[in-house]
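K.L.:
Here is the input, now give the coordinates:
(one chain, ligands or ions: 1)
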Amino acid sequence: LTNGYSHIESFLKIPTVKFTKLFINGEFLDSVSGKTFETVDPRTEEVITEIAEANKEDVDIAVRAAREAFDFGPWPRMPGAERAKIMVKWAELIEQNVEEIAALDTIDGGKLFSWCKAVDVPEASNILRYYAGAADKIHGDVFKTSRDLHLYSLMEPVGVVGHIIPWNFPTVMFLAKVAPALAAGCTMVIKPAEQTPLSSLFYAHLAKLAGIPDGVLNVVPGFGSTAGAAISSHMDIDAVSFTGSTETGRKIMQAAALSNLKPVSLELGGKSPVLIFDDADVDKAVDLALFGILHNKGEICVAFSRVFVQEGIYDEFEKKVVEKAKAWVVGDPFDPKVQQGPQTSKAQFDKILSYIEHGKTEGATLLTGGKPVGNKGYYIEPTIFANVKEDMLISQEEIFGPVMTLSKFKTIEDAIKKANSSKYGLAAGIVTKNLDIANTVSRSIRAGIIWINCFFAFDIDCPFGGYKMSGFGRDYGLEALHKYLQVKSVATPIYNSPW
Ligand code: ADP
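P.N.:
Numbering: from 1, shown residues only. Model prediction:
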């Protein structure tokens with residue numbers, strides 16, 4: 001383990017996939033139809049394994065198990081501290097299996113193994129520990145009314161929850177949805193993305209070992225239009241929490257409205273700007289901007305996909321960012337020297353390349369990149385466009401790939417206007433040493449998180465989510481716990497009162 005790239009890690013390049021079936025009521029099961037789907041290794045374009053494919057009937061069975069567990073099972077009735085013990089046990093089991101889970105996310109999603117091992121999987125267990133800590137601190141209020149009433153509120157679990165998650169952060173998304181719902185006392189059905197089901201099934205196995213009672217957590221891999229739609233339109237699911245594209249978010253909200261009016265929370269797309277002011281250290285700003293768009297190969301909802309640089313340092317910034325992008329190392333995500341792995345799927349790879357073609361035909365200047373890397377695997381060169389106008393498609397739509405759009409601004413007002421000229425409002429960055437600029441701009445941008453001289457900096461207790469068409473509702477923090485609780489008010493007349 002001395003060089004950070006041990007024989008164990010090389011062995012784990014091809015982990016054995018142990019769990020490939022639906023996880024319902026504490027058991028791994030085939031789907032009712034017997035159908036399976038392939039999950040593909042984006043490094044090689046080869047099939048890793050077949051996964052049982054959930055359809056509507058399977059979702060129905062999973063919801064029945066979750067309903068039974070909610071209405072009659074121990075989980076919602078347990079003292080919060082007991083739920084917390086089981087959640088902590090699950091966190092410990094995750095900690096004992098970090099490398100194997102990290103390797104599953106790498107083969108399934110092309111994510112950097114080193115990052116999954118150091119950040120994503122440890123984050124998963126930390127999320128569980130955080131919400132375990134909250135599980136015994138859930139309480140309502142007592143109201144001081146002007147009437148003779150003992151009036152108080154109870155915080156009750158919302159019931160059976162449906163979670164639908166995307167493929168870019170299979171591990172973090174799984175726990176960010178499941179852990180607060182568990183702490184609240186809910187039972188649930190979660191659908192991982194069809195591109196990346198492997199780690200979620202491993203987590204289900206560990207949840208069972210930890211003692212999460214049968215039926216509380218059900219995992220139904222399958223496609224969006226079938227299994228996903230069955231969740232959002234289900235009459236017996238009480239709330240849905242979704243992370244994914246804005247387009248799909250709209251469908252989920254519609255399905256929820258047309259079925260049982262279940263509340264939804266939507267964490268959707270982004271087209272996040274970063275504003276780099278004249279006083280910035282250009283080298284640091286270049287590193288930040290590149291990390292902001294190339295981290296996780298740009299498949300990240302908060303990516304700094306729109307880079308605005310003040311005119312005084314623009315030329316120097318452009319020259320340096322192109323040099324560094326050319327030197328960026330794209331390749332096998334198990335190799336510790338590699339900075340960027342393959343895009344998760346063929347569909348995503350094709351979509352990104354088609355946006356790059358759009359950029360060229362719309363008249364933006366391609367400064368570097370624009371092509372696939374090699375002839376096997378879904379690798380794409382870090383790509384930078386300059387002379388990007390705000391009304392171009394590549395400036396408006398979420399590309400979800402390693403594609404930076406670069407443009408100039410003159411004044412603070414100009415920068416704010418450009419930053420806000422998007423239907424999205426998920427994140428934004430400001431690079432400056434000037435506190436006045438940082439404070440003014442951070443209050444003027446309509447986005448859910450502002451990063452001043454940093455990118456992707458947050459912690460589990462900090463609520464995360466979007467403004468505008470980036471959605472509503474928050475993951476993380478106690479705000480997320482409240483998505484899975486509802487308030488019941490209880491009134492008792494005080495002796496002899498007119499009530
Ligand atoms: P992408 O198009 O980039 O794959 P999506 O937002 O479609 O992103 O995918 C995120 C999650 O939403 C995945 O789990 C996917 O299966 C699911 N999904 C896709 N379409 C629907 C739908 N109509 N109803 C419910 N879930 C869906």
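K.L.:
how about the closest residue to Ser444 other than its chain neighbours, what does it touch?
P.N.:
Excluding the flanking residues, the one nearest Ser444 by C-beta to C-beta, 6 or more residues apart in numbering is Ile416, at 4.6 Å. For every residue, glycine as well, the C-beta is placed using N, CA and C. With contacts defined as C-beta atoms under 8 Å, 6 or more residues apart in numbering, the neighbours of Ile416 are Val441, Ser444, Ile445.
K.L.:
And the average pLDDT for the helix or strand that contains Ile416 is what?
P.N.:
Take DSSP states H and E as the rule and Ile416 turns out to sit in helix 412-420. Per-residue pLDDT over helix 412-420 has a mean of 97.
K.L.:
now stretch 166-174
P.N.:
For stretch 166-174, mean pLDDT is 98.
K.L.:
Residues contacting that stretch, please?
P.N.:
Contacts of stretch 166-174 (C-beta under 8 Å, 6+ apart): 101, 105, 108-109, 116, 120-121, 123-124, 127, 165, 190, 192-200, 203, 243-245, 296, 299-301, 344-345, 400.
K.L.:
Show me how to select, in ChimeraX, the buried members of those residues.
P.N.:
Remark: buried members of those, expressed as a ChimeraX selection using 16 or more other C-beta atoms under 10 Å:
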select :101,105,108,109,116,120,121,123,124,127,165,190,192,193,194,195,196,197,198,199,200,203,243,244,245,296,299,300,301,344,345,400
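K.L.:
In helices, which of the contacts of stretch 166-174 appear?
P.N.:
Taking DSSP state H as the definition of helices, the contacts of stretch 166-174 contribute Ile101, Asp105, Asp108, Gly109, Val121, Glu123, Ala124, Ile127, Leu198, Ser199, Ser200, Tyr203.
K.L.:
Pull the contacting residues for Thr440.
P.N.:
Counted by C-beta under 8 Å, 6+ apart, Thr440 has contacts Ile412.
K.L.:
How about stretch 231-241, which residues are buried there?
P.N.:
Using 16+ other C-beta under 10 Å as the burial criterion, the residues of stretch 231-241 that qualify are Ile231, Ser232, Ser233, His234, Asp236, Ile237, Asp238, Ala239, Val240, Ser241.
K.L.:
These: which two are farthest apart?
P.N.:
In the buried residues of stretch 231-241, two members sit farther apart than any others by C-beta to C-beta. They are Asp236 and Ser241, at 16.2 Å.
K.L.:
Now Arg129: closest residue in space that isn't a chain neighbour?
P.N.:
In this structure, Arg129 finds its nearest non-sequential neighbour in Ala91, 5.1 Å apart by C-beta to C-beta, 6+ apart.
K.L.:
tell me the centre residue of the protein?
P.N.:
Among the residues of the chain, the smallest C-alpha distance to the mean C-alpha position (C-alpha atoms, centre = their mean) belongs to Met173, namely 4.6 Å.
K.L.:
Val220 versus that one, what's the distance?
P.N.:
Taking C-beta to C-beta, to the nearest Å as the measure, Met173 falls 15 Å from Val220.
K.L.:
cool, Pro157 as well?
P.N.:
From Pro157 across to Val220, the span is 20 Å (C-beta to C-beta).
K.L.:
Neighbour count for the two, which is higher?
P.N.:
Per other C-beta atoms under 10 Å, whichever of Pro157 and Val220 has more neighbours is Val220, with 28 against 22.
K.L.:
On the pLDDT front, check that one for me.
P.N.:
Val220 is assigned 99 on the pLDDT scale.
K.L.:
Please verify my assumption that it contacts Val189.
P.N.:
Yes: here Val220 lies in contact with Val189, judged by C-beta atoms under 8 Å, at a distance of 6.0 Å.
K.L.:
Please enumerate the shared neighbours of these two.
P.N.:
Looking at what touches both Val220 and Val189 (by C-beta under 8 Å, 6+ apart), the common residues are Val59, Ala62, Ile231.
K.L.:
would the second one count as being in a helix?
P.N.:
Yes: if the criterion is DSSP: H, G, I helix; E, B strand; the rest coil, then Ala62 is within a helix.
K.L.:
Check the offset of stretch 425-439 from the chain's centre.
P.N.:
For stretch 425-439, the separation from the chain centroid amounts to 23 Å (computed by C-alpha atoms, centre = their mean, to the nearest Å).
K.L.:
For the stretch 351-499 of the chain, which residue gets nearest to the ligand?
P.N.:
The nearest approach of the stretch 351-499 of the chain to the ligand comes at Phe400, 6.6 Å away (C-beta to the nearest ligand atom).
K.L.:
Check the gap between the closest residue to that residue other than its chain neighbours and Ala193 for me.
P.N.:
If you skip the residues right next to it in sequence, Phe400 has Glu299 as its closest partner in space, 5.3 Å away by C-beta to C-beta, 6+ apart. If you measure Glu299 against Ala193 using C-beta to C-beta, the figure is 11 Å.
K.L.:
how about the strands in the stretch 51-200 of the chain?
P.N.:
In order along the chain, the stretch 51-200 of the chain carries the following strands (DSSP state E, counting those that start in this stretch): 142-143, 149-157, 160-164, 187-191.
K.L.:
now do the same end-to-end measure for stretch 468-480.
P.N.:
End-to-end distance for stretch 468-480, by C-alpha to C-alpha, to the nearest Å: 19 Å.
K.L.:
Now do the same for that stretch: mean pLDDT, whole number.
P.N.:
So the average pLDDT for stretch 468-480 ends up being 97.
K.L.:
Those residues of the protein touching the ligand, which are they?
P.N.:
By C-beta under 6 Å from any ligand atom, the part of the chain that sits against the ligand consists of 164-166, 191, 193-194, 223-225, 228-229, 232, 244-245, 248, 251-252.
K.L.:
what number of residues lie near the spatially closest residue to Lys117 that is not a sequence neighbour?
P.N.:
The shortest distance from Lys117 to any residue that is not its chain neighbour, by C-beta to C-beta, 6+ apart, is 4.1 Å, and that residue is Ala102. The burial metric for Ala102, expressed as a neighbour count using other C-beta under 10 Å, is 27.
K.L.:
show me what contacts the residue nearest to Arg129?
P.N.:
Taking C-beta under 8 Å, 6+ apart as the contact definition, Ala91 lies against Ser125, Asn126, Leu128, Arg129, Ala132.
K.L.:
residue contacts, the last one?
P.N.:
So that's Ala132. Each residue near Ala132 by C-beta under 8 Å, 6+ apart is listed here: Arg83, Ala84, Lys85, Met87, Val88, Ala91, Ala179, Ala183.
K.L.:
can you list these in a markdown table and add pLDDT?
P.N.:
Compiled in a markdown table, the contacts of Ala132 are given as follows (pLDDT from 0 to 100):
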| residue | pLDDT |
| --- | --- |
| Arg83 | 98 |
| Ala84 | 98 |
| Lys85 | 98 |
| Met87 | 98 |
| Val88 | 98 |
| Ala91 | 98 |
| Ala179 | 98 |
| Ala183 | 98 |
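K.L.:
so how many other residues sit close to Pro493?
P.N.:
The number of residues packed around Pro493, counting by other C-beta under 10 Å, is 13.
K.L.:
Could you do the one 4 residues further on as well?
P.N.:
A count of neighbours around Ser497, defined by other C-beta under 10 Å, yields 11.
K.L.:
separation between the closest residue in space to it that isn't next to it in sequence and the ligand?
P.N.:
Of all residues not flanking Ser497 in the chain, Asp148 sits nearest, at 3.1 Å (C-beta to C-beta, 6+ apart). To the ligand, Asp148 is 49 Å away according to C-beta to the nearest ligand atom, to the nearest Å.
K.L.:
One more: Ala103?
P.N.:
Taken as C-beta to the nearest ligand atom, the spacing of Ala103 relative to the ligand amounts to 22 Å.
K.L.:
Quickly note the distance from that residue to Gly110.
P.N.:
With the distance defined as C-beta to C-beta, Ala103 ends up 12 Å from Gly110.
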